[in-house]
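In: Sharing a sequence plus its predicted fold:
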Amino acid sequence: MSMESVKDALKQLDFNPLSSTDSLYLQVGPLRARIDCQEPLRAELEAYFEDALAGPGPVDSHVEVLDGQVLATAPDWIDWAREPGKTGRKDAICELVDGRLVHKVRTGVTFLQSADRAVAFGPCAQHPNQVINFVNTQLLSICQRAGWQICHAAALAGHGKGLAIAGLSGGGKSTAVLRMMELAGTAYVSNDRLLLRPGTPPRALGIPKLPRINPGTILHNPHLAPMLSEARRAELAALPPDALWQLEEKHDLSITRIYGAGRMQFEAGLSHFWVLNWSRESVAPTALRPVDIAQRPDLLGAIMKSPGPFYRKPDGVFLTDSEQPDPAGYLCALEGVEMFEVTGGIDFDALFAAGRELFGE
């Protein structure tokens with residue numbers, strides 16, 4: 001069976017009608033989304049998106065999940081080039097005349113993306129995080145087509161201020177934001193992806209993606225200790241610092257369950273931006289220095305984030321893997337935000353002290 005269009009791809013999948021009770025509705029700032037999916041994955045997604053759940057109604061995005069289904073005919077996949085510094089195969093694509101197929105090489109989960117259909121299929125229940133990312137990708141794409149910029153940053157807000165923290169992957173932005181959630185009156189906005197557009201002040205919008213944190217973050221934050229058993233905490237505490245830092249183990253953290261109700265919001269004004277450029281090898285004290293981000297392309301590069309293979313531009317054309325984010329759009333969106341570079345050694349206590357001063361606790 002040839003496959004040149006979205007219609008051709010859909011013919012290879014078996015759509016079983018779902019009842020209205022199978023649908024989940026999300027509200028994220030001004031955006032609404034609907035997810036059609038069956039059990040047991042539906043219950044898992046409902047628990048994950050608990051802070052964004054909403055009632056039925058019109059939506060901006062509709063995601064259909066067909067767990068376990070595969071294409072009768074495998075297309076000729078083309079690898080999607082990864083970002084500099086990333087290795088191994090991750091995504092592959094197949095272009096259709098009116099859409100695109102995106103295949104996750106490591107898991108076999110596949111997505112159909114077009115102007116009016118967003119379908120996930122394959123072993124979805126075995127890899128719920130990829131369905132979660134697909135849902136969030138729809139929200140990111142809607143906003144980017146409307147002029148928002150996607151930042152690789154975490155954020156929180158409180159006392160009339162909004163703080164975003166960016167840095168290289170694994171640099172500690174999530175750990176820093178969660179530590180500052182200990183400050184009274186703060187609210188969690190987003191982890192890892194933050195949308196930003198010009199305004200007075202500039203506006204920030206988060207997405208419903210929970211922090212995926214490493215064991216070291218849990219071990220060194222008393223609020224997070226219940227996420228691990230006492231025995232596991234003892235095992236981790238016995239590890240050398242380097243081994244603990246490099247441990248490949250991630251845990252999803254529920255903001256509401258750890259910090260309580262009312263400690264999460266998706267929209268905020270953005271007043272400050274910290275870019276982590278510190279190092280575990282540095283013996284210099286941690287310091288925050290004001291910077292002109294227009295003169296620091298290295299720091300701006302840590303903030304900018306490509307929307308990836310799912311993104312369909314305003315003209316209807318899909319993004320290619322050779323296209324890079326436009327710095328001009330980010331500089332415009334960041335106008336009026338106080339920018340700081342964090343240098344020296346990695347010291348979360350020092351960063352927390354700076355956060356306490358910023359939020360005026």
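Out: In hand now; what should we look at?
In: Doesn't residue 224 belong to a helix?
Out: Yes - assigned with DSSP: H, G, I helix; E, B strand; the rest coil, residue 224 falls within a helix.
In: residues contacting residue 339?
Out: Contacts for residue 339 (CB atoms under 8 Å, 6 or more residues apart in numbering) come out as 272, 273, 275, 290, 291, 292, 293, 299. Bear in mind the C-beta positions are built from the backbone N, C-alpha and C, glycine included.
In: Put together TSV for the residues you listed, with distance to residue 55 and secondary structure on each row.
Out: Formatted as TSV, the contacts of residue 339 follow (distance: CB to CB, whole Å; DSSP: H, G, I helix; E, B strand; the rest coil):
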residue	distance to residue 55	secondary structure
272	35	strand
273	35	strand
275	39	strand
290	45	strand
291	44	coil
292	46	coil
293	41	helix
299	42	helix
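In: Check these for burial and list the buried ones.
Out: 272, 273, 275, 291, 293, 299 (16 or more other CB atoms under 10 Å).
In: thinking the third one is in contact with residue 338, fair?
Out: No - assessed by CB atoms under 8 Å, residue 275 is found out of contact with residue 338, at 11.9 Å.
In: Now residue 135. Nearest residue, chain neighbours left out?
Out: Nearest non-adjacent residue to residue 135, counting by CB to CB, 6 or more residues apart in numbering: residue 63, 5.3 Å away.
In: can you pull the contacts of the one you found?
Out: Residue 63 neighbours (CB under 8 Å, 6+ apart): 33, 34, 35, 36, 118, 119, 120, 131, 134, 135, 138.
In: rerun at 6 Å
Out: 35, 118, 135 (CB atoms under 6 Å, 6 or more residues apart in numbering).
In: Just send these back as CSV, with neighbour count, secondary structure and distance to residue 359 too.
Out: Compiled in CSV, the contacts of residue 63 are given as follows (neighbours: other CB atoms under 10 Å; DSSP: H, G, I helix; E, B strand; the rest coil; distance: CB to CB, whole Å):
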residue, neighbour count, secondary structure, distance to residue 359
35, 27, strand, 35
118, 23, strand, 38
135, 28, helix, 31
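In: Relative to residue 217, which of the residues you listed is nearest.
Out: Using CB to CB, residue 135 is the member of those that lies nearest residue 217, at 24.7 Å.
In: What distance do you get for that closest one to residue 117?
Out: 14 Å (CB to CB, to the nearest Å).
In: The residue nearest to residue 135 and residue 331: what is the separation?
Out: Using CB to CB, residue 63 is found at 33 Å from residue 331.
In: Point out where this protein drops to low pLDDT.
Out: 1-2, 16-21, 84-88, 169-170, 361 (pLDDT under 70).
In: Helices of that one, start to end?
Out: 6-11, 41-48, 128-145, 173-180, 215-219, 230-237, 241-246, 255-259, 297-303, 327-333, 348-359 (DSSP state H).
In: The longest one - contacts with which helices or strands?
Out: What it means is helix 128-145. strand 61-67, strand 118-122 (3 or more CB pairs under 6 Å, 6 or more residues apart in numbering; DSSP states H and E).
In: Is residue 23 in contact with residue 36, as I believe?
Out: Yes - judged on CB atoms under 6 Å, residue 23 makes contact with residue 36 at a distance of 5.3 Å.
In: Can you pick out the residue with more neighbours from these two?
Out: residue 36 (19 against 16; other CB atoms under 10 Å).
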